[in-house]
Structure formats: structure tokens, C-alpha cells
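Student: have a look at this prediction, sequence included:
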Amino acid sequence: MDDGTSADETVRDRGVEQARRRDDKDQLREFAARFETPDDLYLDGNSLGPISDSAEQRLDEAVEQWREFGIKGWSSAEPPWFWYGERLGEQLAPLLGASPEECVATGTTTTNIHTLIGTFLDKLDDRTGILVNELDFPTDHYAIRAQLRQRGLDPDENLHLVESRDGRTIETEDVVAAMDEHEVGIVFMPSVLYRSGQLFDIETITREAHERDIYAGFDLAHSVGVVSHQLATHDVDFAVWCSYKYLNGGPGAVGGLYVNERHFGTTPALAGWWGHEKETQFDMDLEFTPAESAGAWQISAVPLFSSAPLLGALELHHEAGIDAIREKSVDLTSYLISLVDEELSAYGCEVGTPRDPDRRGGHVAIEHPDAYRISQALRDRGAVVDFRQPDVIRVCPSPLYVGFEEVWEFSQLTADIIEDDIYQSYDADPSGVT
Ligand SMILES: Cc1ncc(COP(=O)(O)O)c(C=O)c1O
Ligand SMILES: Nc1ccccc1C(=O)C[C@H](N)C(=O)O
């Protein structure tokens, strides 16, 4: 070229300009300034979302309340700590498409699976089979197997796994067929698969389950905050989630659960005093009276410092609005998929996520035989992604703080790392938190 720039540079300039034009039109753009990310390209918000000004403010406030009120904070703080789980539930309800009474912030995804699977197992008379799938996040199976064992039920006989046809996704029709193949009492599926990012059809699965008198529960860890849910409309029986991914509630933040109002009054499998009817909780009656709400599934006193940041994060989240968040998320993941197709496929990368936006959550799985080494090289160069066995680089352009230019830069960096064999100097054996 006459001006000394190579054809390659011109293509890259054009690419970045296009991405910037999309950022200029982005209505959520200003929210990025309210987050602090430790790295330039923070693309791991489906594992741990970053801190925001409002999350930090609520956490600082909680520390001050502790100093100021001591024990009196349970009733005098705002919100009163005694009602903190329920207040958070009110804020969460619009994201779940449920009434405030049906949602509560409590426990963790895993403990909430324990108590809800246990509760619904206790409601079953004969058909004690639980239907899950072979691509699930492992903790779900660990907890369900433990609940089966505690009822004297053999997990190998009672836990049924829907198989994947392609190793990436689960077909709804296979879930439905499996409901008829086994003596199923509960179907428990993820909203979004942690590896491929496939979004499940919650409505159809719930409808088909109910037609067979089967309870339908979901693990929403990978969708809450980035996909909008209609749990009440779809008549889902119960659901669980965590708050540290797209809700940006902080590491180990309090989790959440939903129970359909028709199940209020059921005794929780893991009962604890915090689930007692609030008005009489301090009567200290030795007989447990469950709260007439999802709050009944709380176990222990609210962990305030892992709850307060969530309140702040949800305030910010509502300012942005879940519909705008989902729309931008779909635009970002579509853009990323097109960049993998156009640029990275030449380097052996393949998209493992469904291409239909209605079938995917907020992240994209990029498959490559050297996924682990590439993910490490990316992290060392300021692009934080994660690796999942056996060959997946998970990339999450979380819409509140990631823009199109960053997605573009990620694709260029990945191309360079592979083209220049940079990843070859990394250890091929995954270890530690990947
Ligand atoms: C689908 C799913 N369920 C559960 C968990 C973990 O649960 P916990 O919050 O109990 O660590 C994760 C991720 O950590 C997940 O992706
Ligand atoms: N909570 C964590 C703590 C440490 C490392 C990862 C996590 C994750 O959340 C992993 C995530 N659930 C996943 O889909 O892989």
C-alpha cells in the first residue's frame, strides 16, 4: 500500500471502526463506567461478575449499619436485616417473572438444590425418579444423588440422565421422551448449559412435565440477570440460582430460589428457623410453622455482607432493564459468533453454541483442541476467559460492562495467539481454577 500500511492493518482498522460505531449506538454504554474490572477484556462474567459502584456502596453501608446499630440493625437498618432475604426477593422477582412472595435470596445454588429437591422428593408418593441431563454442571448431580441417598433411594436407579446427541446440547424432545421412559417424579434441568451456553425451553419442558404429573424445577445459574424469565406464567414448580455471575453480587454472594405459590405451606426438607413464619419466629415455638412464601426455604440468618452488594447490584441492573440487557447480549454474542466464523475458524476454532439466539444464553463456547493453552495465553494478555473440559474456551460479553470493541479486540488477540504460536509455550495440563 502507498501509505505504508498493510492490507491486514486496513482490514483491522475497518473492523475496529465498525465495532466502535455499534458502541456509539449502544444505549447501555454508560453503565460500563460504573464497574471496575481488573483486566482490559473481562469476558468471564458468567463465572464472576465485577464490582460496581452501587454494589460497593451497599456493602459499605452495611458495614456502617453494623457499626451504628449492632443488634438493632435487624429491625432498625434499612432494609431491616430481618427482612433482607425477602427484600432482595422483591427485587429479584421481576427478573424471574414471579411474584415477590415466590422469590427469596438465600443460601447457595447447591444448598438450594438440596432443600428443594429434598422437598419435592418428600411430596412424591411412588415415582421417585429424577430426570437430569448428562451435560449438567456437576454440583447439581452431587446434591440430587445425596438427597436420594438420604431417603434410602439408590441414585443409580433413580437419577436418569438425558443423553446429548452432539456432546454440546440437549434436545427438548429427548427430555420429553425420557419422561415417558422412566418412572419420573421430578425433572430438573438447567436454563442454560454451563459449557455450550444452550438455552432450554423452560415453557415446553414444564408443560410436558405437568401433563405427566411431574414436577419441573430449573437451575438458572447461567441465565438469571441476562435472560428474562417467566417462571409464574410458565407455571414452573421451583428454581434456584446464584448471584455472582450476571447479577454481579460478588464472590460467594447469597443465592436465590423460587417456589410456585401453590407449594406454599409445604415443609422444607432442610428446615431452619429463618424459614419460620416471620411474625411468630421469635416466639421460639419448637414446632416449625413455615412462612407462607418462598421465604420458608431459608435456613439460617441472612449473611449480610454477601447480600448487601447484591442489593446495590440489582438497583443498577434495574436501571438498565432486563429487556435492554438481553437485547444487547444477543447482539454481542451474535457479533462474536460471526467473528469466530469469519476470522477464527481459519485457526481451528469452532462455535459450540447454538446459532439461534432463542436457543442461547449470554456466553459463547469456542472449541479448539488447544483451548486450555489458548485461554491461559489470553488471560496473560488481559483477556479473561475460562476453559472448560475438554476443549471449550468460554467467552462471556456481559452486556453491562462489555462493548463491541472489546469483542473485536478479543477476536484479534485470539487470532494472534494462535497464528504466532504463542499458546505453545503454555503447559497443556489444566490445573487449579480454570
Ligand atoms: C449450573 C450451575 N449450578 C451451580 C453452580 C455452583 O453452585 P454454587 O453457587 O453452589 O457454588 C454453578 C457454578 O458454579 C453452575 O454453573
Ligand atoms: N463459583 C465459582 C468459583 C470458582 C470458580 C468458578 C466458579 C463458577 O461459578 C463456575 C461456573 N459455575 C461454571 O459454569 O463453570
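Tutor: That came through, no problem. Residues are numbered from 1 along each chain as shown. Ligands and ions are numbered 1, 2, ... in the order given.
Student: show me what contacts residue 160?
Tutor: Applying Cβ atoms under 8 Å, 6 or more residues apart in numbering, we find residue 160 in contact with 129-132, 178, 181-182, 184. Just so you know, the C-beta spots here come from the backbone N, C-alpha and C atoms, and that holds for glycine as well.
Student: ok, and it, which helix or strand is that part of?
Tutor: Assessed by DSSP states H and E, residue 160 sits inside strand 159-162.
Student: hmm, who's touching the helix or strand just after that strand?
Tutor: Next along the chain after strand 159-162, taking DSSP H and E as the criterion, comes helix 172-181. For helix 172-181, contacts defined as Cβ under 8 Å, 6+ apart pick out 131, 133, 160, 162-163, 165, 184, 187, 189, 200-201, 204-205, 208-209, 212, 214.
Student: swap in stretch 88-95?
Tutor: 99-105, 224-225, 228-229, 254, 256, 293-295, 307, 310-311, 314-315, 317-318, 322.
Student: restricted to buried residues, select these in ChimeraX.
Tutor: Remark: buried members of the contacts of stretch 88-95, expressed as a ChimeraX selection using 16 or more other Cβ atoms under 10 Å:
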select :99,100,101,102,103,104,105,224,225,228,229,254,256,293,294,295,307,310,311,314,317,322
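Student: measure stretch 421-434 end to end?
Tutor: 21 Å (Cα to Cα, to the nearest Å).
Student: still on that earlier bit, in strands, which of the contacts of stretch 88-95 appear?
Tutor: 103-105, 256 (DSSP state E).
Student: what would those look like in a markdown table with pLDDT?
Tutor: A markdown table is the format used below for these (pLDDT from 0 to 100):
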| residue | pLDDT |
| --- | --- |
| 103 | 98 |
| 104 | 98 |
| 105 | 98 |
| 256 | 98 |
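Student: residue 356: which of those is nearest?
Tutor: Nearest to residue 356 among the ones in strands among the contacts of stretch 88-95 is residue 256, at 27.9 Å by Cβ to Cβ.
Student: neighbours around the closest residue to residue 353 other than its chain neighbours, how many?
Tutor: Using Cβ to Cβ, 6 or more residues apart in numbering and skipping residues adjacent in sequence, the residue nearest residue 353 is residue 197, 4.3 Å away. Residues near residue 197, counting by other Cβ atoms under 10 Å, number 28.
Student: about what we covered before: what's the lowest-pLDDT member of the contacts of residue 160?
Tutor: Scanning the contacts of residue 160 for pLDDT, the low point is residue 182. It has 92.
Student: so what's it up against?
Tutor: 129, 131, 160.
Student: count of neighbours near residue 237?
Tutor: Other residues close to residue 237 by other Cβ under 10 Å number 25.
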